[in-house]
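*Asks:* coordinates only, sequence not included:
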Ligand SMILES: *Cc1c(COP(=O)(O)O)cnc(C)c1O
């Protein structure tokens, strides 16, 4: 598509956008009385207007029914999590039995590593990405130490080549080959949080499994953003948070995936609790654990219904729209933002560099921009002028033009503010 850097052109794209009506379903912050341009849905998604009713429903049921709400609420609490299986399985490309909701992201990854990281004297190494999200780094190091190993011996980080911003697939595959039968687990963020790079999960999963390892993906930036086919890719396990692209509210519950091939493997170690126990017999209070044969078998505690309520509002909205429609708009609006950035960069004569891959298959809803000029002052200028982005050291702003609620006109308007900001600082 031929793009133009004009308001009229952006408005034409909005007029043709089938998802445009969803913008009105979200609550935007305001700066100086004006609705902001929101680029940080990859950090905390906006609040859907419909969410409050879901929370109020739980509050009302609790008030009116108290303990009876477990069984007699309109959406009974004891099996509330089952409402997620259908919609979530479509979002991540899984069977309904392979997904559930529980805990928070890092906690779920720890719990899944209990099952899928069982180092032996020979097979004990973990491959992860260099400069992974800090929580993932801390988690992996602590798991390795927990098993009495040293991170220097057990963790293999895949590095970027000097001068490059992204990790090459061939380097990942080479590393897997080199580590070979010492490889116990590969665990990487499916979409890199810093650059927005999307990894070829299918190819990487197969290569690591061929080497005899388990494969897990941290999908914090993947769920609700990219096409996922976790079942068909034969991924062993995955987890994601729900407050980024899935708009379920700050710090809210995580989702997790365990492949069907592991559901009946009762020898896999796992930390257990009553909510993972055989549902027909859960309330018989028996002494021995009999796991649900499915992802729910990895649940531990009864679920925080008040935090699941906003997450349910969210997955139902995604179900209504479907990932294909979201992905289609995502690609066009991201390409339009990229075009606007190049236009402004040309007009102000070389000021920044997009470090996200330009290849559409290797990126999704995020463009990370390395600022060669003012950096932080420009970021502050944007914030003051109603553009919410985020700042990452040393000099990067991340922009996520979330297809659910960002408009093409937002992209145009952002370009104008960015240009004024750069020129005013010269
Ligand atoms: C956002 C994010 C997290 C956050 O973890 P929490 O346990 O939800 O605090 C972890 N890993 C990655 C890759 C992330 O992007």
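*Replies:* That came through fine. Bear in mind that the values here come from a model prediction, so they are computed numbers and not experimental data.
*Asks:* The helix or strand where residue 60 lies - contacts with which helices or strands?
*Replies:* Residue 60 belongs to helix 51-65 when assigned by DSSP states H and E. Secondary-structure packing of helix 51-65 (3 or more Cβ pairs under 8 Å, 6 or more residues apart in numbering; DSSP states H and E): helix 69-72, helix 305-321. Glycine gets a C-beta too; all of them are placed from N, C-alpha and C.
*Asks:* residues from the chain in reach of the ligand?
*Replies:* 104, 105, 106, 133, 135, 136, 189, 193, 218, 220, 221, 241 (Cβ under 6 Å from any ligand atom).
*Asks:* if you skip the residues just before and after it, what's nearest to the first one?
*Replies:* Beyond its immediate neighbours in the sequence, the residue positioned closest to residue 104 (Cβ to Cβ, 6 or more residues apart in numbering) is residue 254, lying 5.1 Å away.
*Asks:* where does the closest residue to residue 272 other than its chain neighbours fall, phi/psi-wise?
*Replies:* Excluding the flanking residues, the one nearest residue 272 by Cβ to Cβ, 6+ apart is residue 289, at 4.7 Å. Main-chain dihedrals, residue 289, degrees, to the nearest 10: phi -80, psi 130.
*Asks:* let's have the chain start at 28 instead
*Replies:* Okay, using 28 as the starting number, the last item reads as residue 316.
*Asks:* for residue 316, what are its contacts?
*Replies:* 299, 303, 304 (Cβ atoms under 8 Å, 6 or more residues apart in numbering).
*Asks:* looking just at contacts, which helices and strands does the longest strand belonging to the chain meet?
*Replies:* Ordering each strand of the chain by length in residues (DSSP state E) puts strand 210-216 first. Packing contacts for strand 210-216, counted by 3+ Cβ pairs under 8 Å, 6+ apart, involve helix 132-143, strand 152-156, helix 161-173, helix 196-206, helix 228-237, strand 241-245.
*Asks:* These into a markdown table, with extra columns for mean neighbour count?
*Replies:* Shown next, in a markdown table, are the helices and strands packed on strand 210-216 (neighbours: other Cβ atoms under 10 Å):
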| stretch | mean neighbour count |
| --- | --- |
| helix 132-143 | 21 |
| strand 152-156 | 23 |
| helix 161-173 | 16 |
| helix 196-206 | 16 |
| helix 228-237 | 18 |
| strand 241-245 | 27 |
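*Asks:* Now that we have those, can you turn them into TSV and tack on distance to residue 80?
*Replies:* Listed next are the helices and strands packed on strand 210-216 as TSV, based on distance: least, Cβ to Cβ, whole Å:
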stretch	distance to residue 80
helix 132-143	26
strand 152-156	40
helix 161-173	32
helix 196-206	44
helix 228-237	36
strand 241-245	31
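*Asks:* Kindly reformat the ones you listed as a markdown table containing mean pLDDT.
*Replies:* Listed next are these as a markdown table, based on pLDDT from 0 to 100:
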| stretch | mean pLDDT |
| --- | --- |
| helix 132-143 | 98 |
| strand 152-156 | 98 |
| helix 161-173 | 97 |
| helix 196-206 | 98 |
| helix 228-237 | 98 |
| strand 241-245 | 98 |
